[in-house]
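Chemist: Compute the structure for the input listed below.
(one chain, ligands or ions: 1)
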Amino acid sequence: MSYPRTRVKICGLTRPQDIMAAARAGADAVGFVFYPQSSRLLGLEQARSLRAAVPAFVDVVALFVNAPSQDVQAVIDQVRPGLLQFHGDESPEYCASFGHPYMRAFRLGAPGLDTPPAVLSAVRQHGAAAAWLFDSYSQGYGGSGKTFDLSLLDAVRHAPDCRPVVLAGGLNAETVAASIRELHPYAVDVSSGVESAPGIKSEEKIEAFMRAVAQGDGARADG
Ligand SMILES: O=C(O)c1ccccc1NCC(=O)[C@H](O)[C@H](O)COP(=O)(O)O
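Modeler: Predicted coordinates for the structure are as follows:
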């Protein structure tokens with residue numbers, strides 16, 4: 001399936017000025033990280049305040065790694081994200097238990113996610129997800145700035161029951177256009193590649209990334 005343009009999620013925001021920079025540049029969604037070990041972690045009050053800075057028509061994605069259900073529910077109730085993102089080893093039952101739209105992330109290259117058939121088998125358990133996000137495998141679960149071998153998606157991308165594919169992992173303004181041309185994803189997701197420091201986004205890097213996404217889409221339209 002081809003899409004008219006590649007949607008963009010910018011993840012790991014911690015400052016209102018970075019939310020406005022992402023919105024001005026045309027990002028479709030901003031990610032709030034609630035993983036305690038992340039350098040981009042938001043507390044509930046900080047997240048509520050940031051949520052208020054998000055303009056209309058920009059979605060908020062709340063990101064968790066194997067979190068207690070009550071922590072997820074508290075964020076749903078108090079931050080009001082449009083989408084949840086589960087980035088650990090969460091079961092389909094756990095992900096669906098909140099009755100809230102969610103993305104399930106798969107960290108490719110991890111044990112059990114290191115061949116195309118294994119990846120296809122894993123994602124098929126999450127047919128209820130609003131999208132499948134594919135990231136690189138890192139000890140810190142995500143936000144690593146590392147890429148993965150796109151050929152690991154060879155079985156998924158041709159599956160008739162494929163959910164929208166979100167490409168993540170080490171993307172930046174220099175690499176994203178080629179990745180779009182190669183994979184034609186539904187969306188791309190970036191964190192490190194638009195930062196000047198962990199959790200501190202660079203307006204210049206955000207703008208360069210969005211221009212590169214448009215270049216990738218332009219090349220895609222040209223076939
Ligand atoms: O961003 C984090 O700190 C993080 C920590 C733990 C799990 C996931 C995390 N981020 C998830 C994302 O969706 C990132 O945007 C994705 O991993 C890509 O990050 P990057 O390679 O830095 O662009």
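Chemist: Next, Phe86: phi, psi?
Modeler: phi -100, psi 120 (degrees, to the nearest 10).
Chemist: so it sits right up against Ser97, yeah?
Modeler: No - applying C-beta atoms under 8 Å, one finds Phe86 not in contact with Ser97, separated by 10.9 Å. C-beta: built from backbone N, CA, C; applies to glycine.
Chemist: any idea how far Val60 is from the residue nearest in space to the middle of the chain?
Modeler: The chain has Asp189 as the residue nearest its centroid, 4.3 Å off, counting by C-alpha atoms, centre = their mean. Remark: distance between Asp189 and Val60 (C-beta to C-beta, to the nearest Å) = 14 Å.
Chemist: Likewise for Gln78?
Modeler: Taking C-beta to C-beta, one finds Gln78 at 12 Å from Val60.
Chemist: what does the protein put close to the ligand?
Modeler: Along the chain, the residues adjacent to the ligand under the rule C-beta under 6 Å from any ligand atom are 11-12, 31, 33, 35, 38, 40, 63, 65, 87, 135, 140-145, 168-171, 189-193.
Chemist: In strands, which of those residues fall?
Modeler: Of those, the ones assigned to strands by DSSP state E are Cys11, Gly31, Val33, Leu63, Asp135, Asp189, Val190.
Chemist: wait, which of those residues is closest to the ligand?
Modeler: Nearest to the ligand among these: Cys11, at 3.2 Å, using C-beta to the nearest ligand atom.
Chemist: and the closest one, what are its bridge partners?
Modeler: Counting by DSSP bridges, Cys11 is bridged to Gly31.
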